[in-house]
Each structure stands twice: as structure tokens, then as C-alpha cells.
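Chemist: Fold the following, please.
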Amino acid sequence: MARILIVDDSPSQLMGIRRIVEKLGHEALIAEDGAAGVEAAKRELPDMILMDVVMPNLNGFQATRTISRDPSTRHIPIVLVTTKDQDTDRVWGMRQGARAYLTKPFSESELSDTISRVIANI
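Modeler: As a prediction, this is how the structure comes out:
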């Protein structure tokens, strides 16, 4: 079982993603914006992070860059889960340190496969 931090400012997205994560047998941790996500990553040291991009305070690209460059958290794989579906967004996200990129809306099987693939490579 992995501890997965879900960072999203949408309560409905948080609930939906959390349901899938817990259905897979993992523990879900929650943060409601990028700044809270960075704090939770440092405090909890989760096994994986599912990060939205469009959020207040600190967006997901900024939060991913902060987490992936901090020596205490850079080992944590981050999956960007976002509505931003342009190739330039995907390239930029990966340059910030994301290990995978999943666009919304996604199916339960797409998220499950992505989580399984990333966890297998930890």
C-alpha cells in the first residue's frame, strides 16, 4: 500500500480521485492548493503525488518544481493530473519534474494504470 498525496482545489475532483486511490488499496492524503501540497509533501513524505495544475496561490507547475528540486522531496514521483492538454503544457510539466501527465477528464482505469505504473518504478 502506498501513501498518495492528492493536490487539487476542486472538492469533487478530490473526492473522485480519493475514491479511486482508496479502491486500489492505497492511503489518500489531501491538499487543497499548491502551497498546501508542498507543505504536505515535506511533512508527510508520501510515496507519490497526484497534482492538479490550475490552482490558486501556487499552481501545480510551480509546486511540482518546488517539490522536485528540494533535496528532502525530490525522490517523490509526481503525476500531473490536469485539464491543460496542450503538448506545450505536457512538455513544461515534465520539465518541472513530473514523472507522468494525465489529462482530465480521465477514466478510472487510466488513473489506476498511471498510479500502478508509477508505483512500480519507485
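
Chemist: Could you give the bridge partners of the residue lying closest to residue 18 once chain neighbours are set aside?
Modeler: In space, and not counting its chain neighbours, residue 18 is closest to residue 28: 4.4 Å by C-beta to C-beta, 6 or more residues apart in numbering. For the C-beta atoms, the positions are set from N, CA and C on the backbone; glycine is no exception. Bridge pairing for residue 28 (DSSP bridges) gives the partners residue 4.

Chemist: Residue 28 contacts residue 22, doesn't it?
Modeler: Yes - using C-beta atoms under 8 Å, residue 28 makes contact with residue 22 at a distance of 5.6 Å.

Chemist: Have a look at these two and say which one is more surrounded.
Modeler: Remark: of residue 28 and residue 22, residue 28 carries more neighbours, 19 against 12, as counted by other C-beta atoms under 10 Å.

Chemist: dump the residue contacts of that one.
Modeler: By C-beta atoms under 8 Å, 6 or more residues apart in numbering, the contact list for residue 28 reads 4, 6, 17, 18, 21, 22.

Chemist: Which of those fall within helices?
Modeler: Of these, the ones assigned to helices by DSSP state H are 17, 18, 21, 22.

Chemist: which of those tops the neighbour count?
Modeler: Tallying neighbours with other C-beta under 10 Å puts residue 17 at the head of the ones in helices among the contacts of residue 28, with 25 neighbours.

Chemist: pLDDT score for the nearest residue to that one once chain neighbours are set aside?
Modeler: Leaving aside its chain neighbours, residue 17 sits nearest to residue 6 (5.1 Å; criterion: C-beta to C-beta, 6+ apart). On pLDDT, residue 6 comes in at 98.

Chemist: Give me the packing partners of the one helix or strand residue 101 maps to, helices and strands only.
Modeler: Following DSSP states H and E, one finds residue 101 within strand 100-103. The contact analysis (3 or more C-beta pairs under 8 Å, 6 or more residues apart in numbering; DSSP states H and E) places strand 100-103 against strand 78-82, helix 87-95, helix 108-120.
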